[in-house]
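A.B. asks: Sequence unavailable; structure follows:
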């Protein structure tokens, strides 16, 4: 009597079908994953700006003096005692691929944590995907952040 030969592993055809199915799934998933990473990077910049503004507010209260958040050239946001001053307390550069636009060039916190004038900031991808992270600093010093599915422009 002969014993049947038992087979272990995959045939070449089964392996090729599996590779084909995996490549189709990868082709579908990669563009969506890339957008997810870009949106996450944009939201991260919005959170960093929120943190920088919160830092400026708490510094003004702690030091009992006026502190300014200044929007400089090359997308650099700085915290200073005065925007004309050369001494920087803290700074943040908006990374390439993301833009942060504000409706004013500086935000001045008083010693009690309030601001002289409100500021609106829009953080979005440079390719203007239509999604923007909006930060609003109210005169009371309160900072709110929300997501806007806009028209593709990065305006606060």
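C.D. replies: Perfect, thanks for sending it. No experiment lies behind these values; they were computed from the predicted model shown.

A.B. asks: Remind me what the helix or strand residue 58 falls within packs against, helices and strands.
C.D. replies: Using DSSP states H and E, residue 58 sits within helix 12-63. For helix 12-63, the contact count by 3 or more C-beta pairs under 8 Å, 6 or more residues apart in numbering; DSSP states H and E identifies strand 67-71, strand 76-80, strand 88-93, strand 98-102, strand 106-109, strand 119-125, strand 131-137, strand 143-149 as packing neighbours. Using the backbone N, CA and C atoms, a C-beta is placed for each residue, glycine as well.

A.B. asks: Run the chain-centre distance for it.
C.D. replies: Taking C-alpha atoms, centre = their mean, to the nearest Å, one finds the center of helix 12-63 at 10 Å from the center of the full chain.

A.B. asks: got the helices and strands packed on helix 12-63 as JSON lines, with mean neighbour count, mean pLDDT and distance to residue 25 columns?
C.D. replies: Shown next, in JSON lines, are those (neighbours: other C-beta atoms under 10 Å; pLDDT from 0 to 100; distance: least, C-beta to C-beta, whole Å):
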{"stretch": "strand 67-71", "mean neighbour count": "23", "mean pLDDT": "94", "distance to residue 25": "44"}
{"stretch": "strand 76-80", "mean neighbour count": "20", "mean pLDDT": "94", "distance to residue 25": "41"}
{"stretch": "strand 88-93", "mean neighbour count": "14", "mean pLDDT": "94", "distance to residue 25": "37"}
{"stretch": "strand 98-102", "mean neighbour count": "20", "mean pLDDT": "90", "distance to residue 25": "29"}
{"stretch": "strand 106-109", "mean neighbour count": "22", "mean pLDDT": "93", "distance to residue 25": "47"}
{"stretch": "strand 119-125", "mean neighbour count": "22", "mean pLDDT": "90", "distance to residue 25": "26"}
{"stretch": "strand 131-137", "mean neighbour count": "21", "mean pLDDT": "89", "distance to residue 25": "25"}
{"stretch": "strand 143-149", "mean neighbour count": "13", "mean pLDDT": "87", "distance to residue 25": "28"}
